[in-house]
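Visitor: Got a sequence here, can you build the structure:
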Amino acid sequence: MQAVTILLVSVICITIFGTFFHSMMSRRTKGISRRIYQARMNISMGIMFVSIAILQLTTPGGSWLRYTFIFLIFALGVINLYYGVKHRRYFLQLTHRKP
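Guide: Numbers count the residues shown, from 1 in each chain. Modelled structure (predicted):
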């Protein structure tokens, strides 16, 4: 159980730095590459939210309100992850098209 907690905390820390990095890079670039960085930021945020929800599930105790918030955080993470992957695929296809 302690190894899972350490793994989840390290994943959260890595994705926090990834989110900030991709956010800064998306502000510095223009065009399609900006959208690709925004999609990567959404992927990082999705992984971070899912990891936070799983980390909260491993802690003892709980009530229906706590589980409701955990579910909302998990759902937000899955949505961010889905749309981040979807938009990344779309914009990468746009960069590889031949005019």
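
Visitor: Per-residue pLDDT of residue 89, please?
Guide: The score at residue 89 is 95. That number is its pLDDT.

Visitor: Give me the distance between it and residue 29.
Guide: Distance, residue 89 to residue 29, by C-beta to C-beta, to the nearest Å: 19 Å. (Each C-beta comes from the backbone N, C-alpha and C, glycine too.)

Visitor: more crowded one of the two?
Guide: residue 29 (14 against 11; other C-beta atoms under 10 Å).

Visitor: which helices and strands does the strand or helix carrying residue 95 pack with?
Guide: Assigned by DSSP states H and E, residue 95 belongs to helix 64-96. Packing contacts for helix 64-96, counted by 3 or more C-beta pairs under 8 Å, 6 or more residues apart in numbering; DSSP states H and E, involve helix 32-58.

Visitor: now the angle between helix 64-96 and the helix it packs on, please.
Guide: If you take axes from the mean of the first three to the mean of the last three C-alpha atoms, to 10 degrees, helix 32-58 sits at 160 degrees to helix 64-96.

Visitor: ok, so what distance separates residue 82 from residue 47?
Guide: Using C-beta to C-beta, residue 82 is found at 12 Å from residue 47.

Visitor: Got phi/psi on residue 30?
Guide: Here is the backbone geometry of residue 30 (degrees, to the nearest 10): phi -130, psi 160.

Visitor: So what's the residue count around it?
Guide: Residue 30 has 8 nearby residues by other C-beta under 10 Å.

Visitor: ditto for the one 10 residues further on
Guide: The burial count assigned to residue 40 is 21, neighbours taken as other C-beta under 10 Å.

Visitor: sorry, back to before: who has more neighbours out of residue 82 and residue 47?
Guide: residue 47 (20 against 13).

Visitor: Report the spatially nearest residue to the more buried one, omitting neighbours in sequence.
Guide: residue 15 (5.0 Å; C-beta to C-beta, 6 or more residues apart in numbering).
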